[in-house]
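**Student:** Sequence and predicted structure are below.
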Amino acid sequence: MKFTLNFIKEFFDPKEKPSCIAEKLTLAGIEVESLTKENGDWVFQIELTSNRADLLSIFGLANEIAAVLGKQLKIKIPSLKIPSLDINIFIENEEDCPLYIASVIKGIKVRKTPSWLKERLLNCGINPVNSVVDIGNYSMLKWGHPLHIFDLDKIEGDVFIRRAKDKEAFLGLDKKERKLSPSSLVIADNKKVIALAGIIGGENSCVDENTRNVLIETAIFSPLVIRKARQEAGISTESSYRFERKVFLRLLEATLSSTINLILELCGGYFVGGKKVGRIIPSSRRIKVNLSSLEKHLGAKISSKEVKEILKNLGCQLSLKSKDTIEVKPPFFRDDLKEEVDIFEEVARIRGYDKLPSKIPFILPRKDNFDFVVSLKEFLARLGLKEIITYSIVARDDLETLGEKNLIRIINPLRKEEDCLRTSLLLGMISVAKYNLNQQNEVGEFFEIAHLYQRKNSHFEERPFLGIGVVGKGPSYIKAYVEELLKFLNISNYRLEGASLKNFTNALQIVKEDKVLGFLGKLDKKIRDSFALKKELFFAQLNLPLLEEERRVKQFKPFSFYPKISRDISLAKRKDIPFKNIVKIIEDVAKELLEGFEVIDVYQGEKIPQEFIGVTLRIHYRSLQKTLEAEEVDSLHNQLRKKLEEREGIFLR
Amino acid sequence: MEEKIVNLEKEARGRIEGVKTVKELEELRIYYLGRKSFINQLFSALPDLEKEKKAYLGKLLNSAKKKITEWIERKEREFEEKEEIIDFTLPASKLNLGKRHIIGQVMEEICKIFKRLGFQIVEGGEIEDEWHNFSALNIPLEHPSRDVFDTFYLDIPPSEGGRYLLRSHTSPSQIRVMEKRTPPLAVISPGRVYRPDNPDASHSFMFHQIEGFCVDKEINFSHLKGVLYHFAWEFFSSQIELRFRPHYFPFTEPSAEVDISCIICGGKGLKDGGKCSVCKGKGWLEILGCGMIHPEVLKNCGINPKKFRGFAFGMGVERIAMLKYRIADIRLFFENDLRFLNQFG
C-alpha cells in the first residue's frame, strides 16, 4: 500500500522529516518498505498486517502517524444529509449486504481531472480514468471506504443485490468475460449484471465522457462473500481488499460526502438525493486495562501517565476505574482492539519494543529424545554416509510402480502427478542416486531420517524411519552399515532372516524377538530399470521408534591380555549352503576360546568343482584366563576341521 | 704391493664418502669387496707367496677389507637413517567422509542453543487437523490472515478436529504440547512444514521450521527478548544487533518480527560502494516472528490465561541457513547434489 506526505498534509502537517516518520512507523509495526520522492511528493510504500483495516485510508494513517509522533489528532469526520429519492433497491439477503446506499447526481459533465487530484492517485498507484471515477477513487483513498459509480442512464429498471445465477455472464471493467456462480454476489438491474459486488464494476454500466447522470453506490458487503467471489474471479482490487478486511459506517459516510461534494464542485450537476436500504448498528466496546497486568505482561513498569497519553494519542477515550484500572474505549476505526492484551500491545509498540528490558527466564530442564536422533545421524555420518533430505510428497505413479498401497492423497496438489505422501524412503534414495549419476558425481552411500505416512483403516499412521542406500557397491556394505548401526545402539541377539519383500531380491528382515526392526535388500533390476537407475542399489529401512526402544546402554566387556593364536582353514562349500552354517560349526566347536574369525580368501575356479566355492578362513583363538598352548589349539582346530569335513557339501582343501 | 693396498684403501675411503645413492654404494661394494674385486684377487694370489710375506700381506689385506666393509656399512646406516624426502605437493589421498545435511546441522545447532537454556525438544507430527493448524491458534477459518497459510489438504476423512492437512507451520506442536501437559513448559519443536508454493529460488513447497515456546506464571515479554538475544548472539555472533518490530500474528499479542543487523554489511546498508544486496540497503534482515501467546490460544489448550503467560517464536530454517551460509537458491537443499552436500558437514 502506498501513501504520500502531501496527502497526509490534507489532515495535518507532521513537522518531522519523512525519513524520521518512516523509521518511527517501522518501529511501531507499520513497516515502510521504501520511501521515494516522486513528482514533488514523498511516497511511502508500506506493508500492512491483516488486522489493521484502519490503515487502508489516509485518515487512518494520519491518526497513526500522529500517535507515533506523540501527538493527538482530532479530525472532524464529514457526514451528509441525504434527501430521500424514489428508486427501488432489493437486497436478496441481508447477510450478504447489510447496507446499501444509492445516491444520484444529475446533470454533470465529465471533465478533465485537475492535476493535483491526478497526482494523488498516481502517487498512490492508481491510474486516473476520468474525473468522476477519479473523484471516487480519491475519496476512497482518503477515507477508506470503497464505492462504485454507475452511469444512471445505463441502468435498466431497479437495482438488485443478489447472488449470481449459475454461469451468468459478466464483462468487467478489466475487459474480462467471466461466467459467475452462485457464490458471487452481484449488483444487477432488471436485465443484466452491472457489477461484481464490492469487487469490480461492469463494462455495461460504466461512467464515460458522455455520462450526465450518475448513481453512487456505497454499501457494506459480507467480507466472506467478497473473499470467496474474488478468489473465484481471480482478481483482487482496491475495493475487494478493503471489503475483505473491514469497513466502517462513519467512513462510508465521509467517503460518500467527499465524493458528492467533489463531483458537484468539479463536474457540476445537482445532488438529487439517495436511498438507503438496510442498516448496521456500529458496535462500541470498552476494555478494562489493569496496569499491574500490563507490567506482568511486558516485564516493565510503565507509568500510568505514559500509558494514558499513548492511548489518548491513538484516539482512545479513557476513564479511570480505580488507581490500577483504566477503562478504554477505542476509536471506532480501531476494530482490532478487542481485549486487554491488544491494549498492552498498543502501549508497547507506540512506546517502542526496544525500550523493554531483556531477561533470561529460569527453566527447569526436562528429558527428551533429541540426543538419540542426533547421535544416530552423527554416527551414520561417521560411517561415511551422506545425509540427504528429500521431498515427502511424491508421484503416485512411482508409488504404484513399487506396489505401495494405502496411500494418502493430497486433495489440492501443486502438480497433479505429485499428489501422494510417501510410504517408503526408497523413492528419495533412487532420485538422489539418479540425480547425482546424471551430474557425473561419484555416487556412494546415503541416509535419510524422515516420516512415512500411510492410511490405516479410515485414519492414518505417521512414523519416523531411517533409510540407508548404497549405490554401485556390493551387498557386504549395506550389511556392514546395518550391523555397525545395531552395534552402536547396542542391540544384540537380532536375527537377519531371509524374507520375500516386494521390489527386493534376497531381502533380509532385521528381527529382534518378535519385532521387525527393518529390512535390507537389493533393489530388483526390474524396478531399477523402470526408474532408469543405471547402477545397483542396496537399500535398508529401519523403524526409528523401535530402534530407540531396543537400544541399550553399553556395558564394558572384558578382553584378554593373553596371546592370540590363529589357524587357517581352506575349505570349499557347495554354493547353496549358507555361510552361516559354517559359522555355527565354528562357534559350537571353539566356544569361549573363539575370539573371532575372518574370511581371508574366496576362490572360484578350475581347482574346485563348479557348484562349489572355496573359502579360506583364519580362526583366532584366545583365552580370557591363560596363555593357550599350541597343542591345545591344534587339537581344537583339528576337531573343527573334522566337524567341517563331516558336513555334507563341505570339503577341506 | 703394499703401496697398492694402501692406495686402494685411501681411494675407497674417498669414493665411499662421496657416494650419493644406495645404488652407487652397492656398485662400490661390488667393486671393492666383490668376487672379482682387487682385494679378492690379491687374496687368491696369497697362497703362491712366501710364508713371511704371505702373513704380512694377509694381515694388511684383512685390515683393508675390514675397514672398507666398515665404511660401507656406516654409509649404509647413514642412508637408512636418512628420511625419504616427501613431495607434499602431491595430491592428498581421497577419504570417504560422511556428511551431515546442512539443514539438519543448522536445526540441531539452533535446538542445542535453546536446550542449553533448559528448553526441551519435542517433535510433532506433520499430518495435522484444522483445529491444531488454525483454529486453536486463533486463526479464523475464512480470513485474510489465512492467505499466508495456504495449505495442502489430505483425503483422510475429517474428524472432530476438522479436515486433515499437512501442517503449514510448526505451531500446531505448541498446541499439542499445551493440550497434553501443564505449565511450566519450555519446548522447542523443529520439523518439516508444507505450503503449496510453486518452487523458485526462494520458495519450496516443503521446508523446515523451528517453533519455540515457554509458559509459566511469571513469563513476560522481556523473557522473550532475552531468550532471542541469547539465540542470535550464539548462532550468528555477539556483534549482532537485534530489532524487535511490532507485527501481527493471530496467535500472539503483542507480536513482533525480529530483524538482525545485516551480517554482510554490518547493518550499514552499504557494501562495496552500493546498496548491500543481501539486506537490500535496509541494514536489517528479518529472521523470525514471535510474541506473547494470545490468551485465547492458552484457553483453547485448557490453560488459564489469568494464571499463566507464555511467549512463542517461530523461524524458517532454510532462510536462516541461506543467510548464514549465503546460499542463493532454496532448491539446492533438496536436490542433494553431492557437490553441495560435501561443502558442509
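**Tutor:** Great, that's in hand. A quick note: this is a predicted structure, and the numbers were derived from the prediction, not measured. Numbering: from 1, shown residues only, chains lettered A, B, ... in the order given.
**Student:** Spell out the residue ranges of the helices in the stretch 1-150 of chain B.
**Tutor:** B:2-18, B:22-33, B:38-45, B:51-81, B:102-115, B:130-133 (DSSP state H, counting those that start in this stretch).
**Student:** Residues touching the shortest one, excluding its own?
**Tutor:** What it means is helix B:130-133. B:141, B:149, B:151, B:160-163, B:165, B:167-169, B:171-172, B:175-176 (Cβ atoms under 8 Å, 6 or more residues apart in numbering or on different chains). To be clear about C-beta, it is placed using only N, CA and C from the backbone, and glycine gets the same treatment.
**Student:** Write the ChimeraX selection for whichever of these are buried.
**Tutor:** For the buried members of these, the matching ChimeraX selection, counting by 16 or more other Cβ atoms under 10 Å in any protein chain shown, is:
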select /B:149,151,162,163,165,167,168,169,171,172,175,176
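**Student:** Which of the contacts of helix B:130-133 lies at the shortest distance from residue A:159?
**Tutor:** residue B:141 (31.9 Å; Cβ to Cβ).
**Student:** ok, and the closest non-adjacent residue to residue B:311?
**Tutor:** residue B:224 (3.8 Å; Cβ to Cβ, 6 or more residues apart in numbering or on different chains).
**Student:** From chain B, how far out is residue A:267?
**Tutor:** The spacing between residue A:267 and chain B, counted by Cβ to the nearest Cβ, to the nearest Å, is 35 Å.
**Student:** Give me the pLDDT value at residue B:148.
**Tutor:** If you check residue B:148, the pLDDT there is 61.
**Student:** what do you get for residue B:257?
**Tutor:** 96.
**Student:** That one - nearest residue in space that isn't next to it in sequence?
**Tutor:** In space, and not counting its chain neighbours, residue B:257 is closest to residue B:247: 4.3 Å by Cβ to Cβ, 6+ apart.
**Student:** Residue A:355 and chain B, how far apart?
**Tutor:** The span separating residue A:355 from chain B equals 10 Å under the rule Cβ to the nearest Cβ.
**Student:** Where does the prediction get shaky in the stretch 1-150 of chain B?
**Tutor:** For the stretch 1-150 of chain B, residues meeting the criterion pLDDT under 70 lie at B:142-149.
**Student:** partners of the nearest residue to residue B:123 once chain neighbours are set aside in the sheet?
**Tutor:** Using Cβ to Cβ, 6+ apart and skipping the chain neighbours, the partner closest in space to residue B:123 is residue B:191 (5.6 Å). Counting by DSSP bridges, residue B:191 forms beta bridges with residue B:209.
**Student:** my read: residue A:277 touches residue A:94, true?
**Tutor:** No. Between residue A:277 and residue A:94 there is no contact under Cβ atoms under 8 Å: 9.2 Å.
**Student:** what about the two, which has more around it?
**Tutor:** residue A:277 (19 against 15; other Cβ atoms under 10 Å in any protein chain shown).
**Student:** Backbone dihedrals for the more buried one, please?
**Tutor:** phi -120, psi 130 (degrees, to the nearest 10).
**Student:** Then residue A:67?
**Tutor:** phi -60, psi -40.
**Student:** measure it to chain B for me?
**Tutor:** From residue A:67 over to chain B (counting by Cβ to the nearest Cβ), the distance is 13 Å.
**Student:** Report pLDDT for that residue.
**Tutor:** 96.
**Student:** one step back: among the contacts of helix B:130-133, which one lies nearest to residue A:354?
**Tutor:** In terms of Cβ to Cβ, no member of those lies closer to residue A:354 than residue B:171, at 25.9 Å.
**Student:** Can you report phi and psi for that closest one?
**Tutor:** phi -60, psi -30.
**Student:** shouldn't it be in contact with residue B:314?
**Tutor:** Yes. Using Cβ under 8 Å, residue B:171 makes contact with residue B:314 at a distance of 6.3 Å.
**Student:** Now do the shared contacts for these two.
**Tutor:** The contact sets of residue B:171 and residue B:314 overlap at residue B:211 (Cβ under 8 Å, 6+ apart).
**Student:** Hmm, residue B:5 and residue B:60 touching each other?
**Tutor:** Yes. Under the criterion of Cβ under 8 Å, residue B:60 makes contact with residue B:5 at 5.3 Å.
**Student:** ok, and the closest non-adjacent residue to the residue of the stretch 201-350 of chain A at minimum distance from chain B?
**Tutor:** Of all residues in the stretch 201-350 of chain A, residue A:299 sits closest to chain B, at 3.1 Å by Cβ to the nearest Cβ. On the basis of Cβ to Cβ, 6+ apart, the spatially nearest residue to residue A:299 that is not a chain neighbour turns out to be residue B:222, at 3.1 Å.
**Student:** How about residue A:75?
**Tutor:** Counting by Cβ to Cβ, 6+ apart, residue A:75 lies nearest to residue A:11, which is 5.8 Å off, once chain neighbours are set aside.
**Student:** what kind of secondary structure is the one you found in?
**Tutor:** Three-state call for residue A:11 (DSSP: H, G, I helix; E, B strand; the rest coil): coil.
**Student:** Quick check, it in contact with residue A:57.
**Tutor:** No. With contact defined as Cβ under 8 Å, residue A:11 and residue A:57 do not form a contacting pair (10.3 Å).
**Student:** more neighbours, the two?
**Tutor:** Under the neighbour definition other Cβ under 10 Å, residue A:11 and residue A:57 were set side by side, and residue A:57 has more, 25 against 17.
**Student:** doesn't residue A:146 make contact with that one?
**Tutor:** No. If you go by Cβ under 8 Å, residue A:57 and residue A:146 don't touch, sitting 10.5 Å apart.
**Student:** Mutual contacts of these two, please.
**Tutor:** The contact lists of residue A:57 and residue A:146 share residue A:140, where a contact means Cβ under 8 Å, 6+ apart.
**Student:** For the residue nearest to residue B:311, list the residues it contacts.
**Tutor:** Counting by Cβ under 8 Å, 6+ apart, residue B:224 has contacts B:290-292, B:311, B:313.
**Student:** what does residue B:127 give?
**Tutor:** A:408, A:421, A:453, A:460, A:462, B:154, B:156, B:164-167.
**Student:** what's the closest non-adjacent residue to it?
**Tutor:** Closest residue in space to residue B:127, ignoring its immediate chain neighbours: residue A:462 at 5.3 Å, by Cβ to Cβ, 6+ apart.
**Student:** looking at this, residue A:606 is in a helix?
**Tutor:** No. Residue A:606 is assigned coil when assessed by three-state DSSP, not a helix.
**Student:** residues near it, how many?
**Tutor:** As a burial measure, residue A:606 scores 6 neighbours (other Cβ under 10 Å).
**Student:** Could you tell me the per-residue confidence at it?
**Tutor:** pLDDT recorded at residue A:606 is 86.
**Student:** Next, give phi and psi for it.
**Tutor:** According to degrees, to the nearest 10, residue A:606 has phi -60, psi -30.
**Student:** now do residue A:567
**Tutor:** phi -140, psi 140.
**Student:** and what of the one 10 residues further on?
**Tutor:** Geometry field for residue A:577 lists phi and psi as phi -90, psi 120, criterion degrees, to the nearest 10.
**Student:** got it, and residue A:33?
**Tutor:** Main-chain dihedrals, residue A:33, degrees, to the nearest 10: phi -80, psi -40.
**Student:** how near is the nearest residue to it once chain neighbours are set aside to residue A:2?
**Tutor:** Setting aside the residues directly before and after it, residue A:33 is nearest to residue A:45 in space (Cβ to Cβ, 6+ apart), at 4.5 Å. Distance, residue A:45 to residue A:2, by Cβ to Cβ, to the nearest Å: 5 Å.
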